[in-house]
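[1] This is the structure alone, sequence omitted:
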């Protein structure tokens with residue numbers, strides 16, 4: 001998966017939440033950013049077991065920031081094209 005980070009600020013999570021009502025991600029020690037909208041291309045593989053009931057790997061394909069396909073195995077279509085689902 002590739003995307004642009006132009007003009008995006010990176011954030012680090014130290015895990016130190018000393019102030020009342022402070023919050024963050026745990027476990028800490030991570031750094032993250034958000035991609036520039038419309039620039040994501042490639043695929044993201046979600047491994048089985050990551051979410052309850054996900055019994056096999058799932059691959060999500062992106063083109064220009066939009067999901068184009070979701071499949072159980074690469075090339076095996078699992079769901080409608082997002083544009084088809086929106087038109088119903």
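    Structure's in. What do you need? Model, not experiment: these values are computed from the prediction.

[2] only C-alpha atoms for contact and neighbour calcs from this point on.
    Noted.

[3] all strands for the protein, in order.
    Here the chain has its strands, by DSSP state E, at 11-13, 30-32, 42-46, 58-63, 66-71.

[4] And for the fourth one, what's in contact with it?
    Taking Cα atoms under 8 Å, 6 or more residues apart in numbering as the criterion, the residues outside strand 58-63 that touch it are 39-48, 67-74.

[5] re the thing from before, between the strands of the chain, which one is closest to residue 1.
    strand 42-46 (4.3 Å; Cα to Cα).

[6] Sort out which residues of the closest one are buried, please.
    Buried residues in strand 42-46, defined by neighbour count with 16 or more other Cα atoms under 10 Å: 43, 45.

[7] What residues are bridge-paired with the residue sitting nearest the centre point of the chain?
    For the chain, residue 44 is the residue whose C-alpha lies nearest the centre (Cα atoms, centre = their mean; 7.2 Å). The residues listed as beta-bridge partners of residue 44 by DSSP bridges are residue 60.

[8] Please look at it and residue 1 and confirm they touch.
    Yes: look at residue 44 against residue 1 with Cα atoms under 8 Å: they come within range, at 6.4 Å.

[9] Residue 65 and residue 16: what is the separation?
    To residue 16, residue 65 is 33 Å away according to Cα to Cα, to the nearest Å.

[10] Tell me which of these two has more neighbours.
    Under the criterion of other Cα atoms under 10 Å, the comparison of residue 65 against residue 16 puts residue 65 first, with 17 against 11.
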